[in-house]
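1. sequence unknown, structure follows:
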C-alpha cells in the first residue's frame, strides 16, 4: 500500500466540502483513509491546479454549479459509508 503522508506530493483533507469541490473540478481521489473511526481523509495528488482550487475554496472565491456539487457530495458520502 502506498504511503500518502508526504505532504510534498499529496494533499490530505478530512474536509468533505473541499474534497467535493476538488472532485467537481475533476481532481481524482488517490485514496481514502479512516482517521479515528469517525472521520475519513481524502487524499489527492498535489499539483498547481489542486493548490489553486484549494486556495480559492478557502478564500471563498470558488464558484461551482450547485447540482454538480450536490451530486458529487452524494457520491463521496456513498464512498465513505462503503469504505
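-> Perfect, I can see it now. If you're wondering where the values come from, they're calculated on a predicted model, not measured in any experiment.
2. Where does pLDDT dip in the protein?
-> Within the chain, the set of residues satisfying pLDDT under 70 comprises 1-3.
3. residue boundaries of the strands in it?
-> With strands called from DSSP state E, the chain shows them at 10-13, 29-34, 40-45.
4. Can you list the strands that the last one pairs with?
-> According to DSSP bridges, strand 40-45 forms sheet pairs with strand 10-13 (antiparallel), strand 29-34 (antiparallel).
5. Including distance to residue 83 and mean neighbour count, could the ones you listed go into JSON lines?
-> No exception for glycine: its C-beta is placed from N, CA and C like everyone else's. Conversion of those to JSON lines gives the following (distance: least, CB to CB, whole Å; neighbours: other CB atoms under 10 Å):
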{"stretch": "strand 10-13", "distance to residue 83": "15", "mean neighbour count": "18"}
{"stretch": "strand 29-34", "distance to residue 83": "6", "mean neighbour count": "14"}
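6. got these as TSV, with distance to residue 51 columns?
-> Listed next are the strands paired with strand 40-45 as TSV, based on distance: least, CB to CB, whole Å:
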stretch	distance to residue 51
strand 10-13	8
strand 29-34	15
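7. Among those, which comes closest to residue 72?
-> Taking CB to CB, strand 29-34 is the member of those nearest to residue 72, at 10.8 Å.
8. Touching that closest one from outside, list them.
-> Counting by CB atoms under 8 Å, 6 or more residues apart in numbering, strand 29-34 makes contact with 2, 4, 10, 12, 19, 23, 40-45, 79-80, 83, all of which sit outside it.
9. And the buried ones among those residues, selectable in PyMOL?
-> Selection command for PyMOL covering only the buried members of the contacts of strand 29-34, criterion 16 or more other CB atoms under 10 Å:
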select buried, resi 4+10+12+19+23+40+41+42+43+44
